[in-house]
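structure, please.
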Amino acid sequence: MGMSDYNRLRAAFEFSRDKMTPFRQRRFQAITSYVGGNYGDGQGEKAHPVNLLQMAVGIYRRNLAARRPSVTVGSRKKERRSTAKKAELMLNSILDEMRFEDSLSRVVLDALFSIGVMKIGLTSSKGSEMQGILHDAGLPFADCIDLDDLVIDMRAKTWETMQ
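Residues are numbered from 1 along each chain as shown. You can find the predicted model right below:
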């Protein structure tokens, strides 16, 4: 990558980061209301005897991500049913090892306050460390991406045209 490409990429990054600032500020205000006077240095909103926002978020979160999803694999052909059952057991085991329910619960909580983004993929065969989390080599992962760490192409008109 040449220096002019680097400068263009940096300018695009800074532009998108600046355009996302109002969304980050609104999210911060919503989280401050959610946790009340217990957030940060305690200078946020005063404590509420009954925090209805916290109650609502808890209810929605439990309904949207109560537990780990499970996979059901089947086949119409009798000779493939045992292979389908093995695939089902393997996929459910992988979801359990990944602790997928934790990532799903976190992304649902993020989505209730702004936007929930999850990065899903396969680690390289050498292993990988993302955000301080060590993922097993060659296995899938699902990690929640915090809005403060997210930069998206704010000039794009649709999700498909983002670069």
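
and the one residue sitting closest to the centre of the chain, which of the three is it?
Most central in the chain under CA atoms, centre = their mean is residue 144, positioned 2.6 Å from the mean C-alpha point. Secondary structure assignment for residue 144 (DSSP: H, G, I helix; E, B strand; the rest coil): strand.

shift numbering so it begins at 34
Let's use 34 as the start, then, which means that last one is residue 177.

the spatially closest residue to it that is not a sequence neighbour sits in which helix or strand?
Nearest residue to residue 177, sequence neighbours excluded (CB to CB, 6 or more residues apart in numbering): residue 139, at 4.2 Å. In this view, the C-beta of every residue, glycine as well, is placed from N, C-alpha and C. Residue 139 belongs to helix 133-146 when assigned by DSSP states H and E.

now that helix, how far from the centre of its chain.
Offset of helix 133-146 from its chain centre (CA atoms, centre = their mean, to the nearest Å): 6 Å.

then stretch 141-156?
Distance of stretch 141-156 from the chain centroid (CA atoms, centre = their mean) equals 2 Å.

and residue 156, what does it touch?
With contact set as CB atoms under 8 Å, 6 or more residues apart in numbering, residue 156 has these partners: 168-174.

go with 7 Å
For residue 156, the contact set (CB atoms under 7 Å, 6 or more residues apart in numbering) comprises 168-172, 174.

what's the answer for residue 172, then?
Under the criterion of CB under 7 Å, 6+ apart, the contact list for residue 172 reads 127, 155-156.

if we can go back for a sec, I'd like the mean pLDDT over the helix holding residue 139, please.
Across helix 133-146, the average pLDDT comes to 92.

which residues touch it?
Contacts of helix 133-146 with the rest of the structure, by CB under 7 Å, 6+ apart, involve 60, 63-64, 90, 93-94, 97-98, 100-101, 149-151, 175-177, 180.

let's see it at 8 Å
60, 63-64, 67, 90, 93-94, 97-98, 100-102, 149-151, 175-177, 179-180.

please save the CA atoms from the helix or strand just after that helix in CSV.
Going down the chain from helix 133-146, the next helix or strand is strand 150-155, by DSSP H and E. Output of strand 150-155 as CSV, limited to C-alpha atoms (Å, rounded to 0.1, in the frame of the first residue of the first chain):
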residue,chain,number,x,y,z
VAL,A,150,-22.6,-6.1,15.6
MET,A,151,-21.1,-9.6,15.7
LYS,A,152,-18.0,-10.8,13.9
ILE,A,153,-18.3,-14.4,12.9
GLY,A,154,-15.6,-16.4,11.2
LEU,A,155,-13.1,-19.2,11.3
